[in-house]
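Engineer: output the structure for:
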Amino acid sequence: MFKKYFVIPLLLISTQAFAWFCPNNFNLIQLGDSIDKIKTECGKPLAETSSKQDPKTPQEWRYYVAVNPPNPATVQMSVVFSASGVVNNITVNAMSLASTSLCGGTISVGNTMQAVKAACGTPPFINKGQAAQGNDKPIVVNELTYGGPPPNTLVFESGILTERK
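Structural biologist: Modelled structure (predicted):
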């Protein structure tokens, strides 16, 4: 009986609870909105950039880490990322780990590619998977920067809002 009273209010929460205000006014925006809708709702940005990225694919990054620096022997550390760029698995000499600080900074399952690169540097070996059929075209990434304390950057992939920095 208690579960019903807890679940029913959750079902009544509006999708607007997951929205946020434009960086420079009080219009509501949310993930999944188009770049045209954001420009209409939020106005002209201070800066706008556009770039192309390779399609998102699963990747394996390999590092060869010296455990005892005077000794030239190394261990192999493999970090596997999902297509969304999040760590799925960390393996050191064939042993799976949830986290490690072997490369200097600590990395964990669930970290982003940027977090791993910040902790471990650029990997000497990258094995990229193949993009799903039909998803092999470059992704257009747009960033709109709006003023405000602090400035906000909205990130779009293929014209759809995916992130707020």
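Engineer: Thr49 against Val140, yeah?
Structural biologist: No. With contacts counted by CB atoms under 8 Å, Thr49 stays clear of Val140, the gap being 11.1 Å. Bear in mind the C-beta positions are built from the backbone N, C-alpha and C, glycine included.
Engineer: residue ranges with poor pLDDT in this structure?
Structural biologist: For the chain, the stretches flagged by pLDDT under 70 are 1-18, 131-136.
Engineer: which stretches of it form helices?
Structural biologist: Remark: helices assigned in the chain by DSSP state H are 2-11, 35-42, 113-120.
Engineer: list the buried residues in the last one.
Structural biologist: The one in question is helix 113-120. By neighbour count with 16 or more other CB atoms under 10 Å, helix 113-120 contains the buried residues 115-116, 119-120.
Engineer: likewise stretch 59-78?
Structural biologist: Going by neighbour count (16+ other CB under 10 Å), the buried part of stretch 59-78 is 59-61, 63, 77-78.
Engineer: one more: stretch 119-128?
Structural biologist: Applying 16+ other CB under 10 Å to stretch 119-128 flags 119-120, 123 as buried.
Engineer: so the chain: which segments form each domain?
Structural biologist: The record's domain parsing of the chain by automatic domain parsing lists 23-54+138-164, 59-128.
Engineer: how far away is the residue lying closest to Thr145 once chain neighbours are set aside from Asn68?
Structural biologist: Residue nearest to Thr145 in three dimensions, not counting chain neighbours: Ala47, with 4.2 Å by CB to CB, 6 or more residues apart in numbering. Ala47 sits 48 Å away from Asn68, going by CB to CB, to the nearest Å.
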